[in-house]
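Participant: Compute the structure for the input listed below.
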Amino acid sequence: MSDIVTERSGGVLDILLNRPAKKNAMTSAMYIAIADVLDRAATDDDVRVVVWHGAGDSFSAGNDLEDFIKNPPGPGESPQARLISALINFEKPIVAAVHGAAIGGGTTMLAHCDFVYAGTSARFQVPFVNLALVPEFASSYLLPSRVGYLRAAELILLGQPIDASRAEAIGFVTRVVPDQDVLPIANETARKLAEKPAAALQACKRLMKRAVREQLEQAAKFENVEFAARVRSAEAREAFTAFFEKRRPDFTRTHAPATAK
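Facilitator: Model (predicted):
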């Protein structure tokens, strides 16, 4: 079965991350598949709203590290960059239903959604610094913009997880609901949106994003360059080696990396 499953009901397009045994960890192929789905949906008049959720006990555990190490993104075009661009340019509403783990990209992708409903089991984390990396999906701009600099620094620089109630308190999610209600409530919101005048709805989102679109594109560009440098650094090699060896990384023997140009 496909790792990305889509189904349309009326004007609502459902996108399901369907890799439950791996907590819906993202592979390069999955990034490309979702980007293709969104690009097609953007020009399909029959699609008015997107609902995004994960199968099994999690939304997404972020990058599949084995696939990621085999296919590390470069500073230019990459599967991740394709999805980032698709999300930045998508003018129709995206409603996310989140339960369980939302880690790394599983959190930063959500910052592009217009509604994020979190089940009580939801746990969010931006752990890139723990892997000697930097955040992506334009989250270095989006997170401070959404939750404020100090709270974003707590998320990005400490890389510690937060629970659903904390995510609601800092304004990262729309609402916290019982796990069994999260998808039904997301679908209810999507149905309400699908009943709105489509052109006006898209114009509203376009106007809200107009002032930040350039900043998002610039943030994504700078992140991609920095990420490509960091993923090939001695610090990252130590972080990934320690992860697979199931030990704590030792960064005391690595030098501070130079800033990417």
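
Participant: Leu142 contacts Gln215, doesn't it?
Facilitator: No: between Leu142 and Gln215 there is no contact under Cβ atoms under 8 Å: 9.1 Å. Yep, even glycine has a C-beta here, placed from its N, CA and C like the rest.

Participant: Which parts of the stretch 1-150 of the chain are helices?
Facilitator: Using DSSP state H, counting those that start in this stretch, the helices of the stretch 1-150 of the chain run over residues 28-42, 65-70, 79-89, 105-108, 139-147, 149-158.

Participant: So which of the ones you listed has the densest surroundings on average?
Facilitator: For the helices of the stretch 1-150 of the chain, the largest average neighbour count (mean count of other Cβ atoms under 10 Å) is found in helix 105-108, namely a mean of 27.

Participant: so who does the nearest residue to Gly74 once chain neighbours are set aside touch?
Facilitator: Leaving aside its sequence neighbours, Gly74 sits nearest to Ala228 (Cβ to Cβ, 6 or more residues apart in numbering; 5.1 Å). By Cβ atoms under 8 Å, 6 or more residues apart in numbering, the contact set of Ala228 is Pro72, Pro73, Gly74, Pro75, Ala260.

Participant: redo that, cut-off 7 Å
Facilitator: Ala228 is in contact with Pro73, Gly74, Pro75, counting by Cβ atoms under 7 Å, 6 or more residues apart in numbering.

Participant: got it, and Gly159?
Facilitator: Taking Cβ under 7 Å, 6+ apart, we find Gly159 in contact with Gln125, Val126, Pro127, Phe128, Val129, Asn130.

Participant: Mind putting these into a markdown table with distance to Pro197 and pLDDT?
Facilitator: A markdown table is the format used below for those (distance: Cβ to Cβ, whole Å; pLDDT from 0 to 100):
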| residue | distance to Pro197 | pLDDT |
| --- | --- | --- |
| Gln125 | 38 | 97 |
| Val126 | 36 | 96 |
| Pro127 | 41 | 95 |
| Phe128 | 40 | 95 |
| Val129 | 44 | 95 |
| Asn130 | 45 | 93 |
